[in-house]
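Asks: Quick one, what's the 3D model for this:
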Amino acid sequence: MEAVIRRLAAEQDKQMRELETLLRFPSISTDPERVAHVRACAEYLVGQLQAQGFSRTVLHETAGHPIVTAEWRGAPGAPTVLLYGHYDVQPVDPLDLWATPPFEPALRDGRLFARGVADDKGQIFCHMKALEALLAEHGRLPVNVVLLFEGEEEIGSPNLDSFLRSHKELLACDCAVVSDTAMFAAGRPSITYGLKGLCYLELEVTGPSHDLHSGSFGGPVVNPLNTLAALLASLKDGQGRVAVAGFYDQVLPLTDVERRAFAALNFDVPGLMASLSVDALSPEAGYTVLEHLWARPTCDVNGFMGGFTGTGAKTVLPSRASAKVSFRLVPDQTPGEIADLVEAHWRRLLPAGVTLSVTRHHSGKPALTPIDHPVVKTGMAALEQGFGVPPVYQREGGSIPIVAAFDEVLGVKTVLMGFGLPDSRCHSPNENLSLENIFGGMRAAAWFYHLLPDAMAGA
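Replies: Down below sits the predicted model:
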């Protein structure tokens, strides 16, 4: 491994040039005008992986954006690890808040700024370079590897589940690794062992056939926007809990061990408030901020529409009103069950005079990997080697639905070994990743593949 680490250090200038090339592709999956750019990024990855020595490197067509797979299976008897990542990125709006153009990588204060550098191109790049260095130094890898890079993660991966089910033989493995998360803090690497799921609903309340004069009709005519506001307000009680009957029935409680471990991290609540420019936080009663963020389900209104929203005043009673609401779920909640409970809750409260329709958008199941699993232990050891300090365990409030899908479809556990930072500004202007984490991530990834065979053999 000494030679591999030396090679990674010696090639940093080359690595940065290659990473910047990858980041210049405006692979925004949600934008129909960027379809060609998304494909071009996928084709570039295919070429890079072929050049690194991967066999059967394939660009798979889907009903949407392509999926890239590559294989190296030259280690008979060794475990097979599946590396997942995504090459699509979020939109860049608002563009005027970027200090430099989002697809022109810029280095400032030890950080590389570009859309996708942390989420997720920069993180999969760390693995690509680690595998390249291992192959270059030894002519082989210590494990068998299958790479799976998709182009639709930022739009809910609509074609990934069917791909998994129809390519189970190609993707067969002993464990999976995903680097699409953040460390606990700068200089404090971490393994994420728990992810929240997602249930995303859109509700529309419809009343009269057209907008009405609020003076002539207001009062007896039920106002859809008033109704919508009442339905949204009914979702939470005064203690920060979701007020839907049955919502918490399947929630897996935090263990005392987990609560002590979370407390030992000394999470900087005042620092979080300062970074957000808020003067208070409101965690669920009986739980700390960190416990609420990581291990308790949440409900948030993401947007609502209805009535007159232009400049000035218009006394209108709107014909319809709608809102988008997301629920972040924890083990053992399921999106379908939560959607049923919430819709039933709204329909019980719906007054006569209006109708309600509920649309179920994308969803994902929560995931929890036991911390004593060999792949998790390997990730912890690799992070310590790569960054020089002992890592910590954490959960994450976000969702990566593929982790639950790997468990359900392929029957394997996943280690979440992320190299981002809480202030990497994923999904926001000025997304960035520190050079320390880019190069440390390459070292950690190389150690992961090196250490995995012994860890899996002892399982």
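Asks: State the phi and psi torsions of residue 400.
Replies: phi -130, psi 90 (degrees, to the nearest 10).
Asks: isn't it right next to residue 192, touching?
Replies: No. Residue 400 is not in contact with residue 192 according to Cβ atoms under 8 Å; the separation is 9.0 Å. Heads up, the C-betas are built off the backbone N, CA and C, glycines and all.
Asks: shared neighbours of these two, anything?
Replies: 181, 416 (Cβ atoms under 8 Å, 6 or more residues apart in numbering).
Asks: what about the helices in the stretch 1-150 of the chain?
Replies: 2-10, 12-23, 35-52, 121-138 (DSSP state H, counting those that start in this stretch).
Asks: Serialize those to JSON lines and add fields for distance to residue 343 and mean pLDDT.
Replies: Listed next are these as JSON lines, based on distance: least, Cβ to Cβ, whole Å; pLDDT from 0 to 100:
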{"stretch": "helix 2-10", "distance to residue 343": "52", "mean pLDDT": "98"}
{"stretch": "helix 12-23", "distance to residue 343": "41", "mean pLDDT": "98"}
{"stretch": "helix 35-52", "distance to residue 343": "34", "mean pLDDT": "97"}
{"stretch": "helix 121-138", "distance to residue 343": "37", "mean pLDDT": "98"}
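Asks: Out of those helices, flag the one nearest residue 105.
Replies: helix 12-23 (4.3 Å; Cβ to Cβ).
Asks: so of the helices of the stretch 1-150 of the chain, which one's packed in deepest?
Replies: Highest mean neighbour count among the helices of the stretch 1-150 of the chain (mean count of other Cβ atoms under 10 Å): helix 121-138, with a mean of 24.
Asks: about what we covered before: mind putting the helices of the stretch 1-150 of the chain into CSV with distance to residue 101?
Replies: Listed next are the helices of the stretch 1-150 of the chain as CSV, based on distance: least, Cβ to Cβ, whole Å:
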stretch, distance to residue 101
helix 2-10, 29
helix 12-23, 11
helix 35-52, 15
helix 121-138, 16
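Asks: among those, which is nearest residue 162?
Replies: helix 35-52 (17.9 Å).
Asks: What are the contacting residues of that closest one?
Replies: So helix 35-52 is contacted by 18, 21-22, 25-29, 57-59, 65-68, 70, 87-88, 128, 131-132, 135, 147, 149, 151 (Cβ under 8 Å, 6+ apart).
Asks: now it against helix 12-23, angle please.
Replies: 150 degrees (axes from the mean of the first three to the mean of the last three Cα atoms, to 10 degrees).
Asks: Please renumber the chain so that the first residue is 863 from this point on.
Replies: Sure thing, new numbering starts at 863, so read that last one as helix 897-914.
Asks: quick one, phi/psi of the nearest residue to residue 952 once chain neighbours are set aside?
Replies: Once flanking residues are discounted, residue 952 sits nearest to residue 1289: 4.9 Å by Cβ to Cβ, 6 or more residues apart in numbering. Phi and psi for residue 1289, reported as degrees, to the nearest 10, are phi 70, psi 0.
Asks: Residue 1063 too?
Replies: According to degrees, to the nearest 10, residue 1063 has phi -120, psi 150.
Asks: For it, give me its contacts.
Replies: Counted by Cβ under 8 Å, 6+ apart, residue 1063 has contacts 1186, 1187, 1188, 1189, 1201, 1204, 1205, 1220, 1221, 1222, 1223.
Asks: same thing but 7 Å
Replies: 1187, 1201, 1204, 1220, 1221, 1222, 1223 (Cβ atoms under 7 Å, 6 or more residues apart in numbering).
Asks: Where does pLDDT dip in this structure?
Replies: Low-confidence segments of the chain (pLDDT under 70): 1321.
Asks: What's opposite the closest residue in space to residue 930 that isn't next to it in sequence in the beta bridge?
Replies: Of all residues not flanking residue 930 in the chain, residue 1011 sits nearest, at 4.3 Å (Cβ to Cβ, 6+ apart). Residues in a beta bridge with residue 1011, per DSSP bridges, are residue 930, residue 947.
Asks: Equivalent analysis for residue 1067, please.
Replies: residue 1183, residue 1218.
Asks: That one: neighbouring residues, count only.
Replies: If you count neighbours by other Cβ atoms under 10 Å, residue 1067 ends up with 28.
Asks: The one 3 residues further on too?
Replies: Other residues near residue 1070 come to 17 when the count uses other Cβ under 10 Å.
Asks: Confirm that it sits in a strand.
Replies: No. Using DSSP: H, G, I helix; E, B strand; the rest coil, the assignment for residue 1070 is coil, not a strand.
Asks: Report the beta-bridge partners for residue 1044.
Replies: With DSSP bridges as the rule, residue 1044 is bridged to residue 1282.
Asks: Isn't it up against residue 1285?
Replies: No. Applying Cβ atoms under 7 Å, one finds residue 1044 not in contact with residue 1285, separated by 8.8 Å.
Asks: Show me which of the two is the more surrounded one.
Replies: Between residue 1044 and residue 1285, counting by other Cβ under 10 Å, residue 1044 is the more crowded of the two (24 against 16).
Asks: Report the contact partners of the more buried one.
Replies: Residue 1044 touches 1280, 1282, 1283, 1284, 1286, counting by Cβ under 7 Å, 6+ apart.
Asks: Recalculate using a threshold of 8 Å.
Replies: Contact analysis of residue 1044 by Cβ under 8 Å, 6+ apart lists 980, 1258, 1280, 1282, 1283, 1284, 1286, 1288.
Asks: Pull the contacting residues for the residue nearest to residue 930.
Replies: Contacts of residue 1011 by Cβ under 8 Å, 6+ apart are 904, 907, 929, 930, 931, 946, 947, 948, 949, 986.
Asks: For residue 1074, state which of those residues is nearest.
Replies: residue 948 (46.7 Å).
Asks: Can you give me the distance of the nearest residue to the closest one once chain neighbours are set aside to residue 944?
Replies: Leaving aside its sequence neighbours, residue 948 sits nearest to residue 1015 (Cβ to Cβ, 6+ apart; 3.5 Å). To residue 944, residue 1015 is 15 Å away according to Cβ to Cβ, to the nearest Å.
Asks: where along the stretch 963-1112 of the chain do the strands fall?
Replies: 968-970, 973-975, 1006-1012, 1037-1040, 1052-1057, 1059-1068, 1074-1075 (DSSP state E, counting those that start in this stretch).
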